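In: Could you work out the structure for the sequence below:
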Amino acid sequence: MLRTCKAFADEFFARQDVKASGVPEAVFVLVKDGKVQLQKGYGYANVEKKSPVAPEKTLFRIASVSKVFTAAAVMQLDEQGKIELNRDVLKFRGYQNEEQYEVPRHDGAFIDAYDRIRSPCRRFDLR
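Out: Residues are numbered from 1 along each chain as shown. Take a look at the predicted model:
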């Protein structure tokens, strides 16, 4: 399994479209049962100095990455039956009058993101 996942990551980060994306560095981490099984850096932590990425030391800007983690966490909670995706967001905060507040639902974005997050996991059995 580790060799397969490592090969997948190596092939992915070697692709020309990924290299052309303008992202100079990345870290791939595989966690199973709460333990890191594989951790590898790709690209340069410092492009000018050509310093390689050190997975345990290189710092990254979080930017919009938190949206992907949030979507994945929400979908996991839904799969575990701990939340209802179709429940009105305003009810979580105790608001009764929906017209008083504007809460973007982002339905389509979360569903699309969930499909992109799940798809690679179908390819590999990580259990």
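In: quick one, strands of this structure?
Out: 25-32, 35-46, 51-52 (DSSP state E).
In: I'd like these written out as TSV, with distance to residue 15 and mean neighbour count added.
Out: Glycine gets a C-beta too; all of them are placed from N, C-alpha and C. Output for those, formatted as TSV (distance: least, C-beta to C-beta, whole Å; neighbours: other C-beta atoms under 10 Å):
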stretch	distance to residue 15	mean neighbour count
strand 25-32	12	15
strand 35-46	11	15
strand 51-52	19	12
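In: Those strands into JSON lines, with extra columns for distance to residue 66?
Out: Shown next, in JSON lines, are those (distance: least, C-beta to C-beta, whole Å):
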{"stretch": "strand 25-32", "distance to residue 66": "16"}
{"stretch": "strand 35-46", "distance to residue 66": "20"}
{"stretch": "strand 51-52", "distance to residue 66": "25"}
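In: Those: which one's closest to residue 69?
Out: strand 25-32 (12.7 Å; C-beta to C-beta).
In: Show me what that closest one packs onto, helices and strands only.
Out: helix 2-14, strand 35-46 (3 or more C-beta pairs under 8 Å, 6 or more residues apart in numbering; DSSP states H and E).
In: Listing partners with orientation, what would you give for that strand?
Out: strand 35-46 (antiparallel) (DSSP bridges).
In: quick check: angle from the partner strand to helix 2-14?
Out: Computed by axes from the mean of the first three to the mean of the last three C-alpha atoms, to 10 degrees, the angle separating strand 35-46 from helix 2-14 equals 20 degrees.
In: right, and the strands of the chain - which one's nearest residue 9?
Out: Of the strands of the chain, nearest to residue 9 by C-beta to C-beta is strand 25-32, at 4.1 Å.
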